[in-house]
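Trainee: Need a 3D model of the sequence below.
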Amino acid sequence: AALALARCRDAGAANALLLSVYDPDTHVAANAIYALEKQDPLPRTCSTVVTFLDNTDPVVRMAAAHTLGVLKCKEATQGLIHRLADDDARVVIAAAFALGELQAKAAQPALGKVLTTHKSQLARAQAAMAMEKIADNGSRDALSQGLLDPSVMVRIQSIRAMTAVLHDKSEMYIDEMRDDGNRLVRVEAVEDIGRAGLDSHVKELGKIARDDKDPMMRVAAIDALANFKDSSIPLQLVPLLLDPDFTVAAASASALAKLKYRAAIPQLVDEYYTAGDRNFVDVERAALQALADLDAQEADTVMVQAMSDPDIRVRTLASETLVKFGQTPPPMQTPRQFAEARFDRTRRKVLGPPLGLRHAVIKTSRGDIDVELYGDDAIQTVTNFIAWAQKGFYHNLTIHRVVPNHVVQGGDPRGDGNGDAGYTIPAEVSQYRFDEGYLGIADDGKDTGSCQWFITLVPRHHLDGRYTLFGHVTKGMDTVWKLDQGDTFDVKVLD
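Mentor: Residues are numbered from 1 along each chain as shown. Take a look at the predicted model:
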């Protein structure tokens, strides 16, 4: 019931939840505290939740810290600082998150201690993320140490935070991280050139955007260029709208919109029409979004035609843009109607039968993770996951995304979060919930998932019903908590 109330913002929900936080079942109490962050706070919400920072159950303490941050309860600052010394890393991470949300400068010394001494790289990374939001000069020394951290994720968050703290005085640190041994850190450093406003690097960024062999580095340079008002930049970006790499083309469209370069409207229209390939749906969406952001009402015919696009995300964006332009969009077919109108009734395809419970091992560079797969709940997902594993698809791929107290994610053949296996699979509904250690399929909208999977580090119930859940960790959660960005893995099917 508490989780159901988290899904709706109701005037009467907060009172009921403020009673439920005292439930003797700590799972109920934690869920009620979590649900409170989704409601408009009452005068006593913060004062009630702050008392649970001292609860004996770490899951309750974690939920309380996170909710206090979301609700921006400033009276909780000292209690949250105290929780940075908690024995449970999940609580430390939640407290650091909350202090960042509160922009609590008083927490700077304690956050610095977490960044420089905590044994969990997830806690160290979250401390750096909090320092980025606080953006106080007092964090400079701790962040300097963070730049030397053995964890890729911590170094990424530290240079990002250092840029937020020092702005154009961070050039020395950014240049240092551009020589880092890890690709992901170097990419972050290039992006930070733009965040720091280092306009002396504009020419160099243009060369990277145009000529670098790594698409991820090119996108970082394009994103950085979008922060400058140099008149030469749009002229460098326009040719990239038709780049053969879809991430570069999409990033260029977004950058031109951010730069408010209306002279690119004809080229953005061309970009939409020439995208074509399935992998380039992101380019179509970026082109349409750029046209919307530029208020390109002269391109309304593009939006009308986009209402017939096979991708529901494109059709929805086109419809919303026409409304923004003050026009009435044509009726939009539902995904079912759209699919039925184009269904080949001569096709014969045998769907796979339920698979029962299956088992596999995700063998990472940090250790093994044993997983149980729900072959009856997510038939197509498990079938594809097993097939990819048996073909060696996952061999030596990387964990490209790690978010403290949220998920670790891998399985992208590009390594940048934009790749797939060459096709997508339908989303599937599960009877399970995303508690700690559950496997889901990453996607960018319904029925757009493929080979990228994630594991939840803590309960993440806002993902329930939104992402396909297809298994859970039976052994090795300690390994999951050790994973860092750039770690490699493979998948071995046991049965």
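Trainee: List the residue ranges of the stretch 251-400 of the chain that fall below the pLDDT cut-off.
Mentor: Applying pLDDT under 70 to the stretch 251-400 of the chain picks out residues 277-279, 339, 342-352.
Trainee: Tell me how many other residues crowd Arg315.
Mentor: 19 (other C-beta atoms under 10 Å). The C-beta positions use only the backbone N, C-alpha and C, and glycine is treated the same way.
Trainee: Next, the contact list for it, please.
Mentor: Ala306, Met307, Ser308, Asp309, Met332, Gln333, Phe338 (C-beta atoms under 8 Å, 6 or more residues apart in numbering).
Trainee: which of these count as buried?
Mentor: Ala306, Met307, Asp309, Gln333, Phe338 (16 or more other C-beta atoms under 10 Å).
Trainee: For these, give me TSV that also has distance to Ala130 and secondary structure.
Mentor: Shown next, in TSV, are these (distance: C-beta to C-beta, whole Å; DSSP: H, G, I helix; E, B strand; the rest coil):
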residue	distance to Ala130	secondary structure
Ala306	41	helix
Met307	44	coil
Asp309	41	coil
Gln333	46	coil
Phe338	44	helix
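Trainee: Now do the SS call for the nearest residue to Ser254 once chain neighbours are set aside.
Mentor: Leaving aside its chain neighbours, Ser254 sits nearest to Ala286 (5.5 Å; criterion: C-beta to C-beta, 6 or more residues apart in numbering). On the three-state scheme (DSSP: H, G, I helix; E, B strand; the rest coil), Ala286 is labelled helix.
Trainee: Quick check: end-to-end length of stretch 133-146?
Mentor: Taking C-alpha to C-alpha, to the nearest Å, the first and last residues of stretch 133-146 lie 16 Å apart.
Trainee: quick one: contacts of that stretch?
Mentor: Under C-beta under 8 Å, 6+ apart, the answer for stretch 133-146 is 99-101, 103-105, 107-109, 111-113, 115-116, 124, 127-128, 131, 154-155, 157-158, 161-162, 164-166, 173.
Trainee: change it to 6 Å
Mentor: 100, 103, 105, 108, 112, 115-116, 128, 131, 154, 158, 161-162, 164-165 (C-beta atoms under 6 Å, 6 or more residues apart in numbering).
Trainee: buried sites along the host helix or strand of Val28?
Mentor: Per DSSP states H and E: Val28 is located in helix 26-36. Across helix 26-36, burial judged by 16+ other C-beta under 10 Å covers Val28, Ala29, Ala30, Asn31, Ala32, Ile33, Tyr34, Ala35, Leu36.
Trainee: which one among the residues you listed gets closest to Cys8?
Mentor: Using C-beta to C-beta, Ala35 is the member of the buried residues of helix 26-36 that lies nearest Cys8, at 9.6 Å.
Trainee: does the closest one really touch Arg7, like I thought?
Mentor: No. Using C-beta atoms under 6 Å as the test, Ala35 is too far from Arg7 to be in contact (8.6 Å).
Trainee: Reduced to three states, what does Asp490 come out as?
Mentor: Once three-state DSSP is applied, Asp490 turns out strand.
Trainee: what are the bridge partners for it, then?
Mentor: Beta bridges link Asp490 to Lys363, judged by DSSP bridges.
Trainee: quick one: pLDDT of it?
Mentor: On pLDDT, Asp490 comes in at 97.
Trainee: element containing Val361, please.
Mentor: strand 357-364.
Trainee: Which secondary structure elements does the helix or strand just after that strand sit against?
Mentor: Going down the chain from strand 357-364, the next helix or strand is strand 367-374, by DSSP H and E. Applying 3 or more C-beta pairs under 6 Å, 6 or more residues apart in numbering; DSSP states H and E, one finds that strand 367-374 makes contact with strand 357-364, strand 469-475, helix 477-480.
Trainee: Specify the local secondary structure of Thr398.
Mentor: Thr398 - assigned by three-state DSSP - is strand.
Trainee: what sits against it?
Mentor: Counting by C-beta under 6 Å, 6+ apart, Thr398 has contacts Gly415, Gly486, Thr488.
Trainee: Nearest to Thr316, out of the helices and strands packed on strand 367-374?
Mentor: Judging the helices and strands packed on strand 367-374 by C-beta to C-beta, what sits closest to Thr316 is strand 469-475, at 24.5 Å.
Trainee: Extract the C-alpha trace of the closest one and format it as PDB.
Mentor: Backbone C-alpha positions of strand 469-475 (Å, rounded to 0.1, in the frame of the first residue of the first chain) are rendered in PDB as follows:
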ATOM      1  CA  LEU A 469      12.800  -7.400 -14.600                       C
ATOM      2  CA  PHE A 470      14.200 -10.700 -15.600                       C
ATOM      3  CA  GLY A 471      16.200 -12.100 -12.600                       C
ATOM      4  CA  HIS A 472      18.000 -11.600  -9.300                       C
ATOM      5  CA  VAL A 473      21.400 -12.100  -7.800                       C
ATOM      6  CA  THR A 474      21.700 -15.200  -5.700                       C
ATOM      7  CA  LYS A 475      25.300 -14.800  -4.700                       C
END
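Trainee: Note down every partner strand of it and its orientation.
Mentor: According to DSSP bridges, strand 469-475 forms sheet pairs with strand 367-374 (antiparallel), strand 438-441 (antiparallel).
Trainee: Contacts for that strand, please.
Mentor: Contacts of strand 469-475 (C-beta under 6 Å, 6+ apart): 369-374, 378, 381-382, 430, 432, 437-440.
Trainee: Would you mind confirming that the residue nearest to Ser254 is in contact with Ala250?
Mentor: Yes. Taking C-beta under 6 Å as the definition, Ala286 is a contact partner of Ala250 at 3.8 Å.
Trainee: picking that back up, TSV for the strands paired with strand 469-475, including distance to Leu241 and mean neighbour count?
Mentor: Converted to TSV, these look like this (distance: least, C-beta to C-beta, whole Å; neighbours: other C-beta atoms under 10 Å):
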stretch	distance to Leu241	mean neighbour count
strand 367-374	41	20
strand 438-441	31	26
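Trainee: between those, which one is nearest to Ala189?
Mentor: The nearest among these, by C-beta to C-beta, is strand 367-374 at 29.6 Å.
Trainee: Between strand 357-364 and the closest one, find me the angle.
Mentor: 160 degrees (axes from the mean of the first three to the mean of the last three C-alpha atoms, to 10 degrees).
Trainee: which among the contacts of Thr398 end up buried?
Mentor: Buried, going by 16+ other C-beta under 10 Å: Gly415, Gly486, out of the contacts of Thr398.
Trainee: with the buried residues of helix 26-36 in mind, which one is nearest to Gly181?
Mentor: Tyr34 (39.1 Å).
Trainee: where does the closest residue to the closest one other than its chain neighbours sit relative to Ile222, distance-wise?
Mentor: Distances taken as C-beta to C-beta, 6+ apart place Ala63 nearest to Tyr34, at 5.1 Å, with adjacent residues excluded. Computed as C-beta to C-beta, to the nearest Å, the Ala63 to Ile222 distance reads 39 Å.
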